[in-house]
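Asker: I would like the atomic coordinates for the input below:
(one chain, ligands or ions: 1)
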Amino acid sequence: MISSSKVYERVADRVLDLIEKGVYPAGRRLPSVRTLGRSMRVSINTVLAAYAWLERRGRLEARPRSGYFVRVHPVGSLPSPASLKVNPVPVTVHKLVQEIVRVTSNPKLIPLGSATVDPRLLPLARLNRILSSVARRDPVAAHSYADPAGLKTLRIQIARWTAESGADFRPDELVITSGAQEALHLALEAVCRPNDPVAVEVPVYYGILQAIESLRLRAIEIPADASEGINLNALRIVLKQRRPRAVVVIPTCNNPLGSSMPEDKKRKLVRMLAQEQVPLIEDDTSGNLHFDSVRPPPAKAFDTQGLVLYCSSISKVLSPGWRLGWMACGRFRSEVEHLKTFRTSANPTAPQMALAEYLEEGTFGRHLSSLRKIHAGQVDLMSRAIGRSFPVGTQISSPSGGFQLWVELPPRVNALQLYRLALQSGITTVPGPVFSARGRFRNYVRLSAGRWTEQEGDAISSLGRLVRLMRSGSSVKLPANPRSGSRRPQ
Ligand SMILES: Cc1ncc(COP(=O)(O)O)c(C=O)c1O
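Answerer: Numbering: from 1, shown residues only. Okay, the predicted model is just below:
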């Protein structure tokens with residue numbers, strides 16, 4: 001028996017061929033090293049070399065004491081299918097997004113389409129106790145109008161907290177908003193006028209598209225990849241040819257890609273836009289949910305000219321319902337504060353008082369670190385479940401944080417059709433086309449691992465069955481509902 005590089009490549013090719021033909025579908029255990037060596041008449045070392053090669057390319061996964069398993073592709077190889085089209089286009093995603101958001105909030109459905117964290121992972125009892133205690137202690141203040149920019153005590157706490165991420169915010173620079181969604185809307189409104197072109201990375205979080213649509217702006221889509229985010233060369237071309245009025249990105253723990261731009265790339269992005277004097281709107285809603293040992297700095301940390309409008313919130317880490325977010329608006333602060341005053345006067349006061357007190361208490365860091373660990377585990381479990389149930393041709397992101405998975409389905413599978421079929425089985429998903437102004441990503445889906453129980457595991461198996469049927473082109477007979485068989489959206 002010989003062991004040379006050529007031989008291990010031949011073995012790897014043979015294994016790949018068997019995977020492509022569906023003999024070993026995603027999630028299936030491959031033959032043991034000994035068995036494959038015997039059948040191909042090569043040494044164990046050659047098979048080990050072939051398996052290691054395939055593992056490095058993300059086709060296999062070695063599980064301790066269990067063997068080698070076929071896996072869906074790793075994120076790094078998930079290509080950006082969006083080619084650059086520099087023309088700005090109007091956005092019309094709102095109707096479909098509204099339908100999806102309404103359906104997804106139905107608690108009877110299995111929330112694979114949800115963008116929220118499992119409430120059991122949030123310190124809700126503690127937050128509720130603080131809320132009632134601040135209202136009891138200071139009932140008049142709790143019922144008074146707050147400063148339009150937000151309570152000073154809260155802005156001080158947020159500035160202290162975010163200092164740990166490497167961004168130095170002065171409390172005076174911050175404006176408290178109704179979640180990150182209002183922050184994004186105010187940021188766009190402060191720097192753009194109707195019909196202006198705005199550059200966004202694609203896939204782009206649909207809430208950003210909704211803000212663009214409601215302000216009657218037009219979107220230019222810049223391709224992004226699943227590991228390092230927006231393509232800076234493409235952005236450079238768009239800056240030269242179309243001069244967008246603003247650029248919107250989610251550089252850390254991107255939704256839906258899960259990508260995080262390396263620090264140096266964030267620095268380059270800020271510098272490139274500063275040279276052209278184009279404002280950068282940074283959505284950092286999930287930056288605190290990174291899986292790294294150290295909190296990656298936001299792009300705002302590299303802003304020397306006040307051109308970055310930073311937006312964040314507590315919706316993914318503490319309470320989506322308190323609707324508390326904030327902005328650091330640099331040179332646009334007074335415009336943003338005016339707009340905030342015209343729109344809503346100020347945020348409700350009592351939750352601001354309670355959040356300030358919670359942040360001062362000092363347990364937030366511990367809570368975040370446990371949330372990150374749990375999410376990393378849940379994301380891993382969901383990825384493996386997809387690997388076991390979905391057909392070959394499926395590719396899946398490997399997020400750097402957060403709890404969303406971006407899944408490329410085989411080309412024949414229409415994600416919008418999958419969304420409707422899955423709904424009839426009581427499962428929510430978010431179809432790819434809502435992440436693009438041009439309706440791209442028709443065979444992509446975003447799945448959320450924000451909650452992971454046996455129910456979600458069963459739901460992934462059901463989705464996998466649907467995807468396999470759709471891929472084969474056979475008429476789809478609905479699988480039984482993973483739980484009751486009768487769940488239907490209202
Ligand atoms: C990337 C991103 N930005 C903004 C938002 C809106 O957040 P909020 O609920 O704080 O308005 C979300 C919510 O899902 C999000 O995922």
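Asker: which element is Ala385 on?
Answerer: helix 364-389 (DSSP states H and E).
Asker: isn't Ile110 right up against Gly426?
Answerer: Yes - the pair Ile110 / Gly426 is scored as a contact, 5.9 Å apart, by Cβ atoms under 8 Å. Every C-beta, even on glycine, is put in place using the N, C-alpha and C of the backbone.
Asker: So which of these two has more stuff around it?
Answerer: Ile110 (25 against 22; other Cβ atoms under 10 Å).
Asker: give me the residue from the chain nearest the ligand.
Answerer: Closest residue of the chain to the ligand, Cβ to the nearest ligand atom: Gly179 (2.6 Å).
Asker: Run a quick neighbour tally on that residue.
Answerer: Neighbours around Gly179, by other Cβ under 10 Å: 23.
Asker: Dihedrals phi and psi, it?
Answerer: As for Gly179, its main-chain torsions (degrees, to the nearest 10) stand at phi 70, psi 180.
Asker: From Met327, how far out is it?
Answerer: 11 Å (Cβ to Cβ, to the nearest Å).
Asker: Show the pLDDT at the nearest residue to the residue of the chain closest to the ligand once chain neighbours are set aside.
Answerer: Nearest residue to Gly179 in three dimensions, chain neighbours excluded: Gly325, at 4.4 Å (Cβ to Cβ, 6 or more residues apart in numbering). You'll see Gly325 listed with a pLDDT of 98.
Asker: OK, contacts around Gly325?
Answerer: 176-183, 285, 311-315 (Cβ atoms under 8 Å, 6 or more residues apart in numbering).
Asker: Identify the bridge partners of it.
Answerer: Thr177, Ser313 (DSSP bridges).
Asker: if we can go back for a sec, show me what the helix holding Ala385 is packed against.
Answerer: strand 395-396, strand 404-408, helix 454-472 (3 or more Cβ pairs under 8 Å, 6 or more residues apart in numbering; DSSP states H and E).
Asker: Show me what counts as buried in that helix.
Answerer: Residues of helix 364-389 classed as buried: 364, 367-368, 371-372, 374-376, 378-379, 382-389 (neighbour count, 16 or more other Cβ atoms under 10 Å).
Asker: just stretch 17-34 next, same as before
Answerer: Buried-residue list, stretch 17-34, by 16+ other Cβ under 10 Å: 19, 24-28, 30-31, 33.
Asker: on that earlier part again, shouldn't the residue of the chain closest to the ligand be in contact with Pro320?
Answerer: Yes - here Gly179 lies in contact with Pro320, judged by Cβ under 8 Å, at a distance of 7.5 Å.
Asker: can you tell me the average pLDDT over stretch 454-474?
Answerer: 93.
Asker: For it, C-alpha coordinates in PDB please.
Answerer: Extracted C-alpha coordinates of stretch 454-474, given in PDB (Å, rounded to 0.1, in the frame of the first residue of the first chain):
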ATOM      1  CA  GLU A 454     -36.700  19.500  21.200                       C
ATOM      2  CA  GLN A 455     -39.400  21.300  19.400                       C
ATOM      3  CA  GLU A 456     -36.900  23.300  17.300                       C
ATOM      4  CA  GLY A 457     -34.900  20.200  16.600                       C
ATOM      5  CA  ASP A 458     -38.100  18.500  15.200                       C
ATOM      6  CA  ALA A 459     -38.900  21.600  13.200                       C
ATOM      7  CA  ILE A 460     -35.500  21.500  11.600                       C
ATOM      8  CA  SER A 461     -36.100  17.800  10.600                       C
ATOM      9  CA  SER A 462     -39.500  18.800   9.100                       C
ATOM     10  CA  LEU A 463     -37.900  21.700   7.200                       C
ATOM     11  CA  GLY A 464     -35.200  19.400   5.900                       C
ATOM     12  CA  ARG A 465     -37.900  16.900   4.600                       C
ATOM     13  CA  LEU A 466     -39.600  19.800   2.800                       C
ATOM     14  CA  VAL A 467     -36.400  21.100   1.300                       C
ATOM     15  CA  ARG A 468     -35.500  17.600   0.000                       C
ATOM     16  CA  LEU A 469     -38.900  17.200  -1.500                       C
ATOM     17  CA  MET A 470     -38.700  20.600  -3.100                       C
ATOM     18  CA  ARG A 471     -35.300  19.900  -4.400                       C
ATOM     19  CA  SER A 472     -36.400  16.700  -6.100                       C
ATOM     20  CA  GLY A 473     -39.200  18.600  -7.800                       C
ATOM     21  CA  SER A 474     -41.900  16.200  -6.500                       C
END
